[in-house]
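**Student:** What follows is a predicted structure for the sequence shown.
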Amino acid sequence: PYLDDKIPQWIGNARGRWEGDTLVVETRNYDSRSRYSGGSENLVLTERFSRIAPGVLRQEITLTDPNTWTSPWTVELLLDESREAIFEYACHEGNYAMPGILGGARAEERATAGQ
């Protein structure tokens, strides 16, 4: 269940469910001050994630907000599987040292591999 409407979240309150092989994530209850994705506190953002081929994920995003748009609108993204390491970025927002830290680590890995 969602949090009570009296407890708005800055970037909404998300809940997910499976519909067959598709993961559906619906986010609502945005804080009125956030204007997330250009919407109001009545924005409902629905994301649908489906594997459409080996290594390919389709993300379909529908934004519904009668206070902002005359009708819902949808965007679709095709996401290819990455073989690269994925690093958490939220904790490093504004950390300008990160490229140097990661570059140094890669240099150490290359040096170790060359021994």
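**Tutor:** Looks like it arrived, so ask away.
**Student:** Which stretches in this protein count as helices?
**Tutor:** 98-113 (DSSP state H).
**Student:** got the residue ranges for the strands in it?
**Tutor:** All strands of the chain, identified by DSSP state E, fall at 13-19, 22-28, 44-53, 56-64, 73-80.
**Student:** Now render the ones you listed as TSV, adding mean neighbour count, distance to residue 96 and mean pLDDT.
**Tutor:** For glycine as for every other residue, the C-beta is placed from the backbone atoms N, C-alpha and C. Conversion of the strands of the chain to TSV gives the following (neighbours: other C-beta atoms under 10 Å; distance: least, C-beta to C-beta, whole Å; pLDDT from 0 to 100):
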stretch	mean neighbour count	distance to residue 96	mean pLDDT
strand 13-19	11	30	95
strand 22-28	17	30	96
strand 44-53	15	31	96
strand 56-64	15	30	97
strand 73-80	10	28	96
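**Student:** With distance to residue 35 added, can I get those in JSON lines?
**Tutor:** Below are the strands of the chain laid out as JSON lines (distance: least, C-beta to C-beta, whole Å):
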{"stretch": "strand 13-19", "distance to residue 35": "16"}
{"stretch": "strand 22-28", "distance to residue 35": "14"}
{"stretch": "strand 44-53", "distance to residue 35": "13"}
{"stretch": "strand 56-64", "distance to residue 35": "13"}
{"stretch": "strand 73-80", "distance to residue 35": "16"}
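**Student:** I am finished for the moment; much appreciated.
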